[in-house]
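*Asks:* generate a structure from the sequence data that follows.
(chains A, B, C, D, E and F)
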Protein chains: 4
Amino acid sequence: MTKNLAKSAISQKRVLDAAARIFRDYGYAGTTMRAIADEADLKAGSIYYHYKSKDDLISAVLDIGIRAVTDNVDKALKALPETATGRERIEAAIRAHLSAIIEVGDYTLATRRALGQVPEPIRARNRYMRDAYGAIWQKILADAHERGEFNTTANLSLARLFILGALNWTVEWFKPGGRPIDDVAREFAAVVLDGLSGNGGAAAAGPSESVRTPTLP
Amino acid sequence: MTKNLAKSAISQKRVLDAAARIFRDYGYAGTTMRAIADEADLKAGSIYYHYKSKDDLISAVLDIGIRAVTDNVDKALKALPETATGRERIEAAIRAHLSAIIEVGDYTLATRRALGQVPEPIRARNRYMRDAYGAIWQKILADAHERGEFNTTANLSLARLFILGALNWTVEWFKPGGRPIDDVAREFAAVVLDGLSGNGGAAAAGPSESVRTPTLP
Amino acid sequence: MTKNLAKSAISQKRVLDAAARIFRDYGYAGTTMRAIADEADLKAGSIYYHYKSKDDLISAVLDIGIRAVTDNVDKALKALPETATGRERIEAAIRAHLSAIIEVGDYTLATRRALGQVPEPIRARNRYMRDAYGAIWQKILADAHERGEFNTTANLSLARLFILGALNWTVEWFKPGGRPIDDVAREFAAVVLDGLSGNGGAAAAGPSESVRTPTLP
Amino acid sequence: MTKNLAKSAISQKRVLDAAARIFRDYGYAGTTMRAIADEADLKAGSIYYHYKSKDDLISAVLDIGIRAVTDNVDKALKALPETATGRERIEAAIRAHLSAIIEVGDYTLATRRALGQVPEPIRARNRYMRDAYGAIWQKILADAHERGEFNTTANLSLARLFILGALNWTVEWFKPGGRPIDDVAREFAAVVLDGLSGNGGAAAAGPSESVRTPTLP
DNA sequence: TATGAATGAGTGTTCATTCAT
DNA sequence: AATGAATGAACACTCATTCAT
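*Replies:* Residues are numbered from 1 along each chain as shown, chains lettered A, B, ... in the order given. Model (predicted):
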């Protein structure tokens, strides 16, 4: 019984992983249940034993994608001492964000690729979770501001959009195996905090090797 | 003759605009020719009188999206005096970028939504155009750096990715009718150049009203 | 008026010829009005000024194909003296058949290609004309038989089927510019009348150069 | 397992038979997958479980049509004793040809009807098989000639075209249930070998009852 | 006479989903 | 738990035909 249950759970995971990979490569509409089944070494009909529908599957994939990032950043922040500075928190959050999207890369990329095509109800559900992640960043910035670490004229809302935009975009160009996550996180924080013309800047000298030509929608 | 020509051109434009709106709302795969036809007040078969295929249509939409931005930024930069500072150039470029994506908002959003699902050959063609836009920014930053306007330790590649990422993202939250483009452009440039903790900062005080809750992939 | 009429007639003929060529190359269902229009240097809609429908067009093409053969064979037989032998009549008919299908080759080939796909009412109408042609051959054979030129045991019905089958098939392999029609007609008659093992035989020695590898349905 | 296999095979055969009948009646282009599905008591989409495409289906039908004839004739010739005369061989081949096209009548007629409209690659593949059948007849005639059974002036190429033409045509008028195949084969051979005016002639006296009015393209 | 533009019925094909086994 | 077979609704696209100009 336990064994069967375990076996079932394994199968379920196999299907989910397969789905993430296929959604990542072909988007939501471009993905067929047959393709997922092939990837999971199953027949199309069998998927329905584990998941009720295609929407059910994409939903699960989407959730994992955002939850991994949220949880990881949450955990990293909690691991920090009370005394940590805003800069340290920002760096830590960026680091956690990056390592999470690497960890569950297939799910993150699947989200990036598929989210735009997913039926609205599912997207709404996912948006809710992602807004919660936005709130985390809002708090990080607000805290730093209160501590007086920011320029008094700084526009926090804009800054948050700015950071999240850039952070979301990393998934497009950041590749594991290039420059260490720590470096990128530090550079990123430096740009955000000190600016390009600023005098502070822990911004590393050389060009990052984990960087590709960017694209623009 | 002239009238017929005009009539044809108008119909064609009507179809293209309709396509942009539908692609924007449903993505590439999620868009049906019937939906476009409905939006254009035509029957599905009639679209084919104006465009050879769905791919032909999305191709046209994609091109307009990026070309509007590229051309507008190009023109704005050329309109600047030789003596313009890097900051001025960056501000001008951001302003031109924002006004272009507002001008052809449907096309830009359609691109954002559909690009990931489009057949590779079409995407490749579009990527080429978008890379050219990346090169424009590369040059803006490199020039400013040479003029000594940037922190010597600044990582230009990362900065470009940062800016383009944030800029690309604006399409998600920036709505016309909110805060004036000029203000947002100035704030944006301030964050980029001076950082949040910087001392410079033309960054306006209040929160931008043209700002919505951000989302994350 | 007369001029306009003439012009119209010319246009009509141009459309008909174009139709024959296209039907010949693509069959009935495989032929589009657009293709015919292109071939006739017209726009698709304009065909309808000359012919009421696609069926109308194929009908006209079909009629010309069979009528040319029937008329030509009829005329050739009538041109023969009363005293002509059965063999002479058979040879003359074969000659007339071959020259007719060469003369209106596009129409004959169009018939061969398209007939099987044409709506039944049209096919029925055409079949009626073709049966009349069969009757001509029936008479030729019956006359020769009565004159005592045939083996008394000869099965005329079967022979007619045999001859018409082989004759119909010529359209598949007989090409103008190869061996002269006269020769082929004589050889044909020889096989029919004398057989392969027979002693008569005007059948020429060498292989006919107008002959290709045959095919079989 | 065995049962499932059988069930699948039966369904597949049902579809194939249905396809042959519909192709026979409406030609290639005139046949819709929906019509085949109806005939096979299935829904259109279900056909694709058994055959990849319409082309796949017509290909299979075409192959069966020619293969049945070739194999049957081949077998009949091999069953003949070494000492069999040319006439015997010709008769045997005709008999085998006729019985084969009766056996798989739908497939043969489908071929006759559809071949001209089928995409070239498929037609080429089938032509290859049909040329092999032509070669069989070439050999029959050449052997008989070498044995001295033919008039020395006989034109073998023309004769082959003649015979194959007439034989191909039989499919148009020969109906099972009429005169026995044996008789028709004997008469046919007689016409070919002895001619209408010849003195030999096993050609039967009465008119064949399995004979219909012929048609001509 | 001829055309540009449009229509609507239909085509082959795909695919999420179901269900008996 | 898994599969083979089937379904039905949809899809992109084609085409004969119409009609105002």
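
*Asks:* show me where pLDDT drops low in chain A?
*Replies:* Under the criterion pLDDT under 70, the flagged ranges of chain A are A:1-7, A:196-217.

*Asks:* which strand or helix spans A:L98?
*Replies:* Per DSSP states H and E: A:L98 is located in helix A:86-103.

*Asks:* hmm, who's touching the helix or strand following that helix?
*Replies:* Sequence-wise, the next helix or strand downstream of helix A:86-103 (DSSP H and E) is helix A:105-114. Around helix A:105-114, the neighbours that count as contacts under Cβ atoms under 8 Å, 6 or more residues apart in numbering or on different chains are A:17, A:19-21, A:23-28, A:31, A:58, A:61-62, A:64-66, A:68-69, A:100-101, A:126, A:171-172, A:176, B:116-117, B:217. The way it works is simple: take the backbone N, C-alpha and C, and place the C-beta from them, glycine included.

*Asks:* of those residues, buried ones?
*Replies:* By neighbour count, with 16 or more other Cβ atoms under 10 Å in any protein chain shown, the contacts of helix A:105-114 hold A:17, A:19-21, A:23-24, A:26-28, A:31, A:58, A:61-62, A:64-66, A:68-69, A:100-101, A:126, A:171-172, B:116-117, B:217 as buried.

*Asks:* restrict the residues you listed to contacts with DNA strand E.
*Replies:* The subset of the buried ones among the contacts of helix A:105-114 within reach of DNA strand E, by Cβ under 7 Å from any atom of the strand, is A:T31.

*Asks:* now, which of the buried ones among the contacts of helix A:105-114 lie within strands?
*Replies:* When DSSP state E defines the strands, the subset of the buried ones among the contacts of helix A:105-114 inside them is empty.

*Asks:* distance of the nearest residue to A:W137 once chain neighbours are set aside relative to chain C?
*Replies:* Nearest in space to A:W137, with sequence neighbours left out and distances taken as Cβ to Cβ, 6 or more residues apart in numbering or on different chains, is A:R160 at 5.4 Å. In this structure, A:R160 and chain C are 58 Å apart, going by Cβ to the nearest Cβ, to the nearest Å.

*Asks:* and the gap between A:R160 and C:W137?
*Replies:* For A:R160, the distance to C:W137 equals 94 Å [Cβ to Cβ, to the nearest Å].

*Asks:* A:A92 is in contact with A:R186, correct?
*Replies:* No: using Cβ atoms under 8 Å, A:R186 is not in contact with A:A92; the gap is 10.7 Å.

*Asks:* coming back round to it: now do the SS call for the residue nearest to A:W137.
*Replies:* Following DSSP: H, G, I helix; E, B strand; the rest coil, we place A:R160 in the helix state.

*Asks:* all helices of chain A, in order?
*Replies:* A:2-26, A:33-39, A:44-50, A:54-79, A:86-103, A:105-114, A:120-146, A:156-173, A:181-194 (DSSP state H).

*Asks:* return the most buried member of these.
*Replies:* helix A:105-114 (a mean of 24; mean count of other Cβ atoms under 10 Å in any protein chain shown).

*Asks:* report the inter-axis angle for that one versus helix A:120-146.
*Replies:* Using axes from the mean of the first three to the mean of the last three Cα atoms, to 10 degrees, the inter-axis angle of helix A:105-114 relative to helix A:120-146 is 110 degrees.

*Asks:* report the distance from helix A:105-114 to the chain centre.
*Replies:* Computed by Cα atoms, centre = their mean, to the nearest Å, the chain-centroid distance of helix A:105-114 equals 9 Å.

*Asks:* go on, stretch A:154-166?
*Replies:* Distance of stretch A:154-166 from the chain centroid (Cα atoms, centre = their mean) equals 17 Å.

*Asks:* same question for stretch A:95-107.
*Replies:* With Cα atoms, centre = their mean as the basis, stretch A:95-107 stands 6 Å off its chain's centre.

*Asks:* ok, stretch A:111-127 next?
*Replies:* A distance of 14 Å separates the centroid of the chain from that of stretch A:111-127, by Cα atoms, centre = their mean.

*Asks:* could you do stretch A:91-102 as well?
*Replies:* So, by Cα atoms, centre = their mean, the centroid of stretch A:91-102 is 8 Å from its chain's centroid.

*Asks:* list the contacts of it.
*Replies:* Under the contact criterion Cβ under 8 Å, 6+ apart, stretch A:91-102 has outside partners A:68-69, A:71-73, A:75-77, A:79-80, A:84, A:108, A:136-137, A:140, A:167, A:170-171, A:174, A:176, A:181-182, A:184-186, A:188-189.

*Asks:* rewinding a little: so for B:D41, which of the helices of chain A sits nearest?
*Replies:* helix A:120-146 (24.7 Å; Cβ to Cβ).

*Asks:* what's that closest one packed up against?
*Replies:* Here helix A:120-146 touches helix A:54-79, helix A:86-103, helix A:156-173, going by 3 or more Cβ pairs under 8 Å, 6 or more residues apart in numbering or on different chains; DSSP states H and E.

*Asks:* can you do 10 Å?
*Replies:* Contacts defined by 3 or more Cβ pairs under 10 Å, 6 or more residues apart in numbering or on different chains; DSSP states H and E place helix A:120-146 against helix A:54-79, helix A:86-103, helix A:105-114, helix A:156-173.

*Asks:* and those as a markdown table, adding distance to C:S11?
*Replies:* Below are the helices and strands packed on helix A:120-146 laid out as a markdown table (distance: least, Cβ to Cβ, whole Å):
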| stretch | distance to C:S11 |
| --- | --- |
| helix A:54-79 | 57 |
| helix A:86-103 | 69 |
| helix A:105-114 | 56 |
| helix A:156-173 | 60 |
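
*Asks:* for C:D38, which of these is the nearest?
*Replies:* Closest to C:D38 of those is helix A:105-114 (Cβ to Cβ; 42.7 Å).

*Asks:* do that closest one and DNA strand E meet?
*Replies:* No: using Cβ under 7 Å from any atom of the strand, we find that helix A:105-114 stays clear of DNA strand E, coming within 12.0 Å at best.

*Asks:* give me the angle between that helix and helix A:86-103.
*Replies:* Relative orientation of helix A:105-114 and helix A:86-103, computed by the same axes, to 10 degrees: 90 degrees.

*Asks:* helix A:105-114 vs helix A:156-173, what angle?
*Replies:* Interaxial angle of helix A:105-114 relative to helix A:156-173 (the same axes, to 10 degrees): 110 degrees.

*Asks:* nearest spatial neighbour of A:H50, chain-adjacent residues omitted?
*Replies:* Distances taken as Cβ to Cβ, 6+ apart place A:Q12 nearest to A:H50, at 4.7 Å, with adjacent residues excluded.

*Asks:* go on, A:R34?
*Replies:* Excluding the flanking residues, the one nearest A:R34 by Cβ to Cβ, 6+ apart is A:A44, at 4.6 Å.

*Asks:* tell me who's in contact with the closest residue to chain D within chain A.
*Replies:* Residue nearest to chain D within chain A: A:A44 (11.5 Å; Cβ to the nearest Cβ). The neighbours of A:A44, taking Cβ atoms under 10 Å, 6 or more residues apart in numbering or on different chains as the test, are A:T32, A:M33, A:R34, A:A35, A:I36, A:A37, A:D38.
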